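Q: Here is a sequence together with a model predicted from it:
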Amino acid sequence: MNIQEAIRTRRSIGKVTQEPIAKETIEQIIESAVWAPNHRLTEPWRFFVLGGDGRGKLGDALARIALAGVEDANAPEHAEKAEAARKKAFRSPVVIAVAAVPSDRHDVIEIEEFGAVHAAVQNMLLTTHALGLGAVWRTGEPCYHSLMNESFGLRPQDKMLGFIYLGVPDMTLPQGKRSDAASKTTWIDA
Ligand SMILES: Cc1cc2nc3c(=O)[nH]c(=O)nc-3n(C[C@H](O)[C@H](O)[C@H](O)COP(=O)(O)O)c2cc1C
């Protein structure tokens, strides 16, 4: 698959089977991430590969966050809410959590650190697709919650930037939908 085809045909695949994914395949996907452009070469990406029971680490974090701020976390109705949140982490056989740990070097601009990691995620999605697998980049409010940082040993200034749920697709490829690039483009020639 050439690069143009990969870019055009990649879609978010939210439903995958529980068929295990080979370690080498996951390593190949992460290897593609670290070749993203990165100003000052700070390498601000960190990857947490969650498989099997390891997905419980994310599940527990989602459950804790679902109950954050709740008065009586042990009430039965909250137990259901927590379990529903926990189960989300098990929607694919492997989840790669991708975090940005911005450099505190004085010559580094913080937003560029997040930009580099976002670019790394796109590399991962394209590689996953080119390998014939499916993935979706999931975030939501819990992703950016301080308890998520705490669960993964991240500093307050770090950010979890997404969870890549990947596996063998268990759905037909959705139709891609985008406006014409020309409608978003201004040509300035003089
Ligand atoms: C930063 C970011 C966060 C996203 N978070 C979610 C998410 O939480 N849940 C989800 O189903 N999709 C999420 N997506 C995927 C988008 O919904 C998806 O890319 C969009 O619907 C376009 O579909 P496509 O990827 O198939 O082209 C996210 C995408 C980005 C870039």
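A: That came through fine.
Q: make it CA atoms for all contacts and neighbour counts henceforth
A: Will do.
Q: In the chain, where's the longest helix?
A: Secondary structure of the chain per DSSP state H: the longest helix is helix 110-130.
Q: Not counting its own residues, what contacts that one?
A: 1, 6-7, 10, 28-30, 32-39, 42, 44-45, 98-103, 134-137, 161, 166 (CA atoms under 8 Å, 6 or more residues apart in numbering).
Q: how does it look with 7 Å?
A: Contacts with helix 110-130, where a contact means CA atoms under 7 Å, 6 or more residues apart in numbering, come from 1, 6-7, 10, 29-30, 32-34, 36-39, 44-45, 100, 102, 134-135.
Q: helices and strands of the chain: which one bottoms out on pLDDT?
A: Across the helices and strands of the chain, mean pLDDT, DSSP states H and E gives its lowest value to helix 76-87, namely a mean of 92.
Q: what ranges do the helices span in this structure?
A: For the chain, applying DSSP H gives helices covering 3-9, 23-33, 55-67, 76-87, 110-130, 146-151.
Q: To residue 94, which of those lies closest?
A: helix 55-67 (7.5 Å; CA to CA).
Q: now that closest one, how far from the chain's geometric center?
A: Centroid separation between helix 55-67 and its chain, computed with CA atoms, centre = their mean, to the nearest Å, is 16 Å.
Q: neighbouring contacts of it?
A: For helix 55-67, contacts defined as CA under 7 Å, 6+ apart pick out 73, 82-83, 85-90, 142, 147-148, 151.
Q: can you do 10 Å?
A: Residues outside helix 55-67 that contact it (CA atoms under 10 Å, 6 or more residues apart in numbering) are 48-51, 53, 68, 73-74, 78-97, 141-143, 145-152, 163.
Q: That one - what's its average pLDDT?
A: Averaged over helix 55-67, pLDDT sits at 97.
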